[in-house]
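Novice: The amino acid sequence is not available; the structure is as follows:
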């Protein structure tokens, strides 16, 4: 039996940004970025920014830094570039910038992914953590992986995690 966490307070919205990391996608062909936006909006969250960058470390770093300056932004969700191909640099770039990591996110994502796609799940380098008071998630670029991460992990915990991040009374 799966434990269901206590429900988040109704009516709380989280302000999010989506960054698709891809050498080939455009806003018209970015199904994963569109899906993230749709799922966030359906959960009554706000999309503050959406962009596509090449799988280049400097561009990924620039986006993290630029978005960290948005005062009302709570969450940045990256998708793409988490595999082990030579052009997959998202994980390597983000992991070195995170001030805190949420190892359980990647572990749970790979566990759930394994149940759907088998041993190929081990190639996913999904990661989550905190950068300059923003919650950062990095997902694979596949729409199926995005849906899995959003529906099973991110959306159920988004309000809670943002609340924890900004709760000055919680022990760090």
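Specialist: Structure's in. What do you need? Predicted model only: the values in this text are computed from it and were never measured.
Novice: Could you point out the longest helix of this structure?
Specialist: helix 103-117 (DSSP state H).
Novice: so what does it touch, helix or strand wise?
Specialist: In this structure, helix 103-117 packs against strand 127-131, helix 143-149, with contacts taken as 3 or more CB pairs under 8 Å, 6 or more residues apart in numbering; DSSP states H and E. (Glycine included, C-beta is placed from N, CA and C.)
Novice: what do you get if the cut-off is 6 Å, keeping everything else the same?
Specialist: Contact analysis of helix 103-117 by 3 or more CB pairs under 6 Å, 6 or more residues apart in numbering; DSSP states H and E lists no helix or strand as a packing neighbour.
Novice: I'd like the mean pLDDT over that helix, please.
Specialist: Average pLDDT, helix 103-117: 96.
Novice: At the geometric centre of this structure, which residue sits there?
Specialist: By CA atoms, centre = their mean, the chain has its centre lying nearest to residue 137, at 2.4 Å.
Novice: quick one: strands adjacent to the helix or strand in which that residue is found?
Specialist: Following DSSP states H and E, the helix or strand that holds residue 137 is strand 134-139. Take DSSP bridges as the rule and strand 134-139 pairs in its sheet with strand 75-79 (parallel), strand 127-131 (antiparallel).
Novice: Just tell me which of those ends up closest to residue 98.
Specialist: strand 127-131 (3.6 Å; CB to CB).
Novice: between that closest one and helix 103-117, what angle do the directions make?
Specialist: 150 degrees (axes from the mean of the first three to the mean of the last three CA atoms, to 10 degrees).
Novice: Need the residues that contact strand 127-131.
Specialist: Outside strand 127-131, the residues within contact range by CB atoms under 6 Å, 6 or more residues apart in numbering are 64, 91, 95, 97-102, 105-106, 136-138.
Novice: Out of the strands paired with strand 134-139, which is the most enclosed?
Specialist: Highest mean neighbour count of the strands paired with strand 134-139: strand 75-79, a mean of 26 (counted as mean count of other CB atoms under 10 Å).
Novice: contacts for the helix or strand following that one?
Specialist: Next helix or strand after strand 75-79 toward the C-terminus (DSSP H and E): helix 90-97. Helix 90-97 is contacted by residues 21, 57, 60, 61, 64, 78, 81, 82, 125, 127, 131, 138 when judged by CB under 6 Å, 6+ apart.
Novice: quick one: buried residues of the helix or strand in which residue 49 is found?
Specialist: Here residue 49, judged by DSSP H and E, is contained in strand 46-53. Of the residues in strand 46-53, 48, 50, 52, 53 count as buried by neighbour count, 16 or more other CB atoms under 10 Å.
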